[in-house]
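J.: coords below, sequence missing:
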């Protein structure tokens, strides 16, 4: 078993090393006395401002040299040798070492194809200048890259309005009062209220009396173009274009309880199934299909086991806080991880929401707030150690990371299937979803599954089909998209024991993760020894999910991939609707369902063909479309 070596610090934020007790008080006293220090004293005794040290990832790798007139690979350094060398270099602080299992890295991933040991990564603090010097001195034998901050893919769509950076120094100002009430007129506290338009946007949160105080620059409320009201739990959001607001008296917005919506009637006292699960036909799957025996990791903000739908979760790892207490994975201050975990595996004895795989073994890896690439690598190492089958990653970062990509490849080599949200920036698919070794999930919605005056209506794209399915405006797109899933007005569990309707590809990915768990647990081929834990097993799982999909919306494959996976087809169960029978037949022959709905040249994602199922060389399907990104191993 690999060991996670403790360093001198393991915090997520790029802050200086922790100071001794009392240092904060000293700084406060110094700040108080600062007013008495004149300019000459400050210049003489002050501390020069220099570049702050940041976290970098350092790992050994083979280097190609041109010695003796021919190119050859130099044997890589060992992780211990690299760590020892870093300790001797000035102005570099080693803060953590993430050791991985011994052995060779998977073939086919350069430069591992030449035999590079996959033995871990070192996290060290240094300046950008020092990192550049280290990279140059290593002559290609070291991976040196910035430890990027990751972000949860925000479940709510941000307004696209341009925000002025100029705050008026003077001029007329006004205060607008907005009261938010719920069922029976009860005031709702902690509700976010935002006004758009006018001189500047304005936001506030309702107090215990349910009233939000919003400051307006100018005295004309008619300039406001939008009012957004976002409750914390149990109610639908509200959005009003061009609201008729008064500055002379309080304005009142009454929110609608989630449980008053017809599809959620009686929730949570009566268990219900979300619209997304029904769209994927989970309601037609036999009750005994519950995901028993499959291990799922949710790498997110934790999971609140205080929730009645999540109290069956007993395993986890607080990656960010591991130096202090790695058992605090069940504290979810953001609610994001609890929401994702609920979609995947919410238990349904007689209360709340039914998840896809309520009997799967859930492991929670807490990475937020504050997670970085190094900690995601650490979380994936935990998944490899624990024999996790599927990882849900509703997160993204800036640019692709070579260090993280190597770990994703290692996870796939160990039979760990990574499923990731495509992103919410309405642009190119974000990393790690853009990795060829990850299943990327885009978000769709369905008209009629949320109140028309809720903020969810702002996500409706222009491509809705006859059934009301549309691609969400915020969803990222591109050839990397494998499938799409419900990601608008998804109702799931949030702390401490409540429910909320959120939007985002963060909500779409767990739908696919939950279905993937059912496939691994109940599709016969995954129960036999013919598919042991291996990259081939992962790719076969991805194939099944893609090939079970049906085209939805009027959009192209760059936005929906193969389409919306169907639980009955994915599980090889009889299809009740005659119009869907072709899908089962198509899947049995290894043909993606979406093929029949597309025209040649539409650019459907390439995938690996089933062994013996295709007509091309080596049993690989020869698709008649313009190929985009192959996602085969």
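T.: Looks like it arrived, so ask away. Every value quoted in this text rests on a predicted model; they were computed, and no experiment measured them.
J.: can we go C-alpha only for contacts and neighbour counts from here?
T.: OK.
J.: near residue 325, how many other residues are there?
T.: By other C-alpha atoms under 10 Å, 12 other residues sit near residue 325.
J.: quick check, it in contact with residue 319.
T.: No. With contact defined as C-alpha atoms under 8 Å, residue 325 and residue 319 do not form a contacting pair (9.2 Å).
J.: below-threshold pLDDT in the chain: ranges please.
T.: Per-residue confidence for the chain (pLDDT under 70) gives these ranges: 1-38, 62-76, 101-118, 154-172, 198-199, 218-219, 529, 576-633.
J.: report the central residue of it.
T.: residue 394 (1.4 Å; C-alpha atoms, centre = their mean).
J.: how near is it to residue 263?
T.: Here the criterion is C-alpha to C-alpha, to the nearest Å. By it, residue 394 lies 26 Å from residue 263.
J.: also residue 421?
T.: The separation that residue 421 has from residue 263, given C-alpha to C-alpha, amounts to 26 Å.
J.: more neighbours: these two, which one.
T.: residue 421 (38 against 15).
J.: for that one, what are its contacts?
T.: By C-alpha atoms under 8 Å, 6 or more residues apart in numbering, residue 421 lies in contact with 153, 393-396, 433, 440-442, 505-506, 508-509.
J.: against which helices or strands is the helix or strand containing residue 344 packed?
T.: The secondary structure element spanning residue 344 is helix 336-345 (assigned by DSSP states H and E). In this structure, helix 336-345 packs against strand 295-300, strand 490-494, helix 505-522, with contacts taken as 3 or more C-alpha pairs under 8 Å, 6 or more residues apart in numbering; DSSP states H and E.
J.: adding distance to residue 52 and mean neighbour count, write the ones you listed out as CSV.
T.: Compiled in CSV, those are given as follows (distance: least, C-alpha to C-alpha, whole Å; neighbours: other C-alpha atoms under 10 Å):
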stretch, distance to residue 52, mean neighbour count
strand 295-300, 28, 28
strand 490-494, 37, 28
helix 505-522, 33, 28
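J.: looking at those, spot the one closest to residue 227.
T.: Residue 227 sits nearest to strand 490-494 of all those, at 21.7 Å, using C-alpha to C-alpha.
J.: name the strands paired with whichever helix or strand comes after that closest one and say parallel or antiparallel.
T.: Sequence-wise, the next helix or strand downstream of strand 490-494 (DSSP H and E) is strand 498-502. According to DSSP bridges, strand 498-502 has the following sheet partners: strand 490-494 (antiparallel).
J.: residues contacting the partner strand, please?
T.: Strand 490-494 is touched from outside by 233, 274-276, 304, 307, 309, 335-336, 338-343, 346, 353, 499-503, 507, with contacts defined as C-alpha under 8 Å, 6+ apart.
J.: at 7 Å what do you get?
T.: With C-alpha atoms under 7 Å, 6 or more residues apart in numbering as the test, strand 490-494 has contacts from 274, 335, 338-339, 342-343, 353, 499-503, 507.
J.: excluding chain neighbours, what is closest to residue 153?
T.: Closest residue in space to residue 153, ignoring its immediate chain neighbours: residue 395 at 5.3 Å, by C-alpha to C-alpha, 6 or more residues apart in numbering.
J.: any idea how far residue 340 is from that neighbour?
T.: The spacing between residue 395 and residue 340, counted by C-alpha to C-alpha, is 11 Å.
J.: please say which of those two ends up with more neighbours.
T.: residue 340 (33 against 27).
J.: surely the more buried one and residue 508 touch.
T.: No. In this structure, residue 340 is not within contact of residue 508 by C-alpha atoms under 7 Å, at 8.9 Å.
J.: now do the same contact list for residue 499.
T.: For residue 499, the contact set (C-alpha under 7 Å, 6+ apart) comprises 233, 234, 491, 492, 493.
J.: grab the nearest non-local neighbour of it.
T.: Counting by C-alpha to C-alpha, 6+ apart, residue 493 is the residue found nearest to residue 499 once chain neighbours are left out, at 4.6 Å.
J.: how about residue 518?
T.: residue 291 (4.9 Å).
J.: please identify which helix or strand holds that neighbour.
T.: Secondary structure assignment for residue 291, by DSSP H and E: no helix or strand.
J.: any idea how far it lies from residue 358?
T.: Taken as C-alpha to C-alpha, the span from residue 291 to residue 358 is 7 Å.
J.: for residue 138, give me phi and psi.
T.: Backbone geometry at residue 138, expressed as degrees, to the nearest 10, gives phi -70, psi -20.
J.: burial check on it, number of neighbours?
T.: The number of residues packed around residue 138, counting by other C-alpha under 10 Å, is 14.
J.: measure it to residue 86 for me?
T.: 12 Å.
J.: same thing with residue 546?
T.: When residue 546 is compared with residue 86 (using C-alpha to C-alpha), they lie 45 Å apart.
J.: more neighbours: which of these two?
T.: The residue with the greater number of neighbours, taking residue 546 and residue 86 and applying other C-alpha under 10 Å, is residue 546; the counts read 28 against 18.
J.: the more buried one and residue 439, how far apart?
T.: 9 Å.
J.: residue 280 touches residue 568, doesn't it?
T.: No. Residue 280 is beyond contact range of residue 568, at 8.3 Å (criterion: C-alpha under 7 Å).
J.: work out for me the element residue 49 sits within.
T.: Under the assignment here (DSSP H and E), residue 49 is part of no helix and no strand.
J.: cool, and the one 10 residues further on?
T.: Taking DSSP H and E as the criterion, the element that holds residue 59 is strand 54-60.
J.: chain center to that strand: distance?
T.: Centre-to-centre, strand 54-60 and its host chain are 23 Å apart (C-alpha atoms, centre = their mean, to the nearest Å).
J.: and that strand, what does it pack onto?
T.: Packed against strand 54-60 by the contact rule (3 or more C-alpha pairs under 7 Å, 6 or more residues apart in numbering; DSSP states H and E) you find strand 120-126, strand 142-146.
J.: gap between residue 81 and residue 374?
T.: Computed with C-alpha to C-alpha, the distance linking residue 81 and residue 374 is 20 Å.
J.: before we move on, what about residue 98?
T.: Shown here: residue 98 relative to residue 374, a distance of 8 Å by C-alpha to C-alpha.
J.: before we move on, what about residue 399?
T.: When distances are taken as C-alpha to C-alpha, residue 399 and residue 374 turn out to be 14 Å apart.
J.: and the two? which has more neighbours close in?
T.: It is residue 374, of residue 399 and residue 374, that has more neighbours when counted by other C-alpha under 10 Å, with 28 against 10.
J.: unless I'm mixing things up, the more buried one is touching residue 146, no?
T.: No. The pair residue 374 / residue 146 is not scored as a contact, 9.6 Å apart, by C-alpha under 7 Å.
J.: where along the stretch 501-633 of the chain do the strands fall?
T.: Along the stretch 501-633 of the chain, the stretches classed as strands by DSSP state E, counting those that start in this stretch are 549-550, 564-565.
J.: deepest-packed of those, please.
T.: Across the strands of the stretch 501-633 of the chain, the average number of neighbours (mean count of other C-alpha atoms under 10 Å) peaks for strand 564-565, which reaches a mean of 28.
J.: the nearest residue to residue 152 once chain neighbours are set aside and residue 47, how far apart?
T.: Nearest residue to residue 152, sequence neighbours excluded (C-alpha to C-alpha, 6+ apart): residue 395, at 4.5 Å. Residue 395 sits 38 Å away from residue 47, going by C-alpha to C-alpha.
J.: before we move on, what about residue 481?
T.: On the measure of C-alpha to C-alpha, residue 481 and residue 47 end up 50 Å apart.
J.: give me the more crowded residue out of those two.
T.: With other C-alpha under 10 Å as the criterion, residue 481 and residue 47 differ in neighbour count, and residue 481 comes out ahead with 29 against 8.
J.: ok, the more buried one touching residue 443?
T.: No. With contacts defined as C-alpha under 7 Å, residue 481 does not count as touching residue 443, sitting 10.2 Å away.
J.: noted, bye for now.
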